[in-house]
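Q: just the structure for this:
(2 chains)
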Amino acid sequence: KAGVTQTPRYLIKTRGQQVTLSCSPISGHRSVSWYQQTPGQGLQFLFEYFSETQRNKGNFPGRFSGRQFSNSRSEMNVSTLELGDSALYLCASSPGPVTDTQYFGPGTRLTVL
Amino acid sequence: QKEVEQNSGPLSVPEGAIASLNCTYSDRGSQSFFWYRQYSGKSPELIMFIYSNGDKEDGRFTAQLNKASQYVSLLIRDSQPSDSATYLCAVNFGGGFQGAQKLVFGQGTRLTINP
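A: Numbers count the residues shown, from 1 in each chain, chains lettered A, B, ... in the order given. As a prediction, the model looks like this:
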């Protein structure tokens, strides 16, 4: 069974731009979660989606948003990029709705200049 | 604020010995606990999950959970150089909709196995 896939793997943007990251979960998994990983803050939860509904949200500003499609694929968007948004963005999928063993994708490395 | 605490290390263990990694969490109502391994430059890899008090063994790995003490640990027996990585403890602090997930991670413990 194929794992979680994320595109693109690397991205360079400038301040003020916006970016959209994509995640395809493991086949049959219906929950998708997003995390931001930085050396200073570690792994931080952004949001979780199940059946196209956001079920949980972390403490990030409204510039960070996401959505999930009917095929469970998910996207996250960051608007008005700031230097501090440079990070590894990780997507994880789990079977859901209550089975919460999450498997991570390879991540998208975002650099904001 | 719900938190997960780990000793950041680094932890150095000789090859063949037992490595012991510890984690405490703040929410007494938490039900799901996970250990991930992350090699440098890679994404986290799930190695153990535990839901009930006591021990859970999988090969050389044993997860231990004590909900009363809000403590979860990971033991690695017969440590190998390939076990050298950062180990992340995670707790599901999900709330709201039933089954909602919100994994909160500790800062990770960097483990080095010395040949």
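Q: now the residue minimising distance to the centre of chain A, nearest residue through space, not along the chain?
A: When Cα atoms, centre = their mean is applied to chain A, the residue found nearest the centroid is A:Trp34 (3.3 Å). Nearest non-adjacent residue to A:Trp34, counting by Cβ to Cβ, 6 or more residues apart in numbering or on different chains: A:Leu46, 4.1 Å away. Placement of C-beta: from N, CA and C, glycine included.
Q: dihedrals phi and psi, that neighbour?
A: Taking degrees, to the nearest 10, you get phi -100, psi -60 for the backbone angles of A:Leu46.
Q: next: B:Ser82.
A: Main-chain dihedrals, B:Ser82, degrees, to the nearest 10: phi -70, psi -10.
Q: now do the SS call for the residue nearest to it when sequence neighbours are not counted.
A: The shortest distance from B:Ser82 to any non-neighbouring residue, by Cβ to Cβ, 6+ apart, is to B:Ile113 (7.8 Å). Secondary structure state of B:Ile113, per DSSP: H, G, I helix; E, B strand; the rest coil, is strand.
Q: isn't B:Ile113 right up against B:Ala19?
A: Yes - B:Ile113 is in contact with B:Ala19 according to Cβ atoms under 8 Å; the separation is 7.2 Å.
Q: related to what we said a few turns ago, wait, isn't the residue nearest to the centre of chain A in contact with A:Glu75?
A: No - look at A:Trp34 against A:Glu75 with Cβ under 8 Å: they stay out of range, at 9.5 Å.
Q: joint contacts of these two?
A: Jointly contacting A:Trp34 and A:Glu75 under the rule Cβ atoms under 8 Å, 6 or more residues apart in numbering or on different chains are A:Cys23, A:Gly66.
Q: perfect, that will be all.
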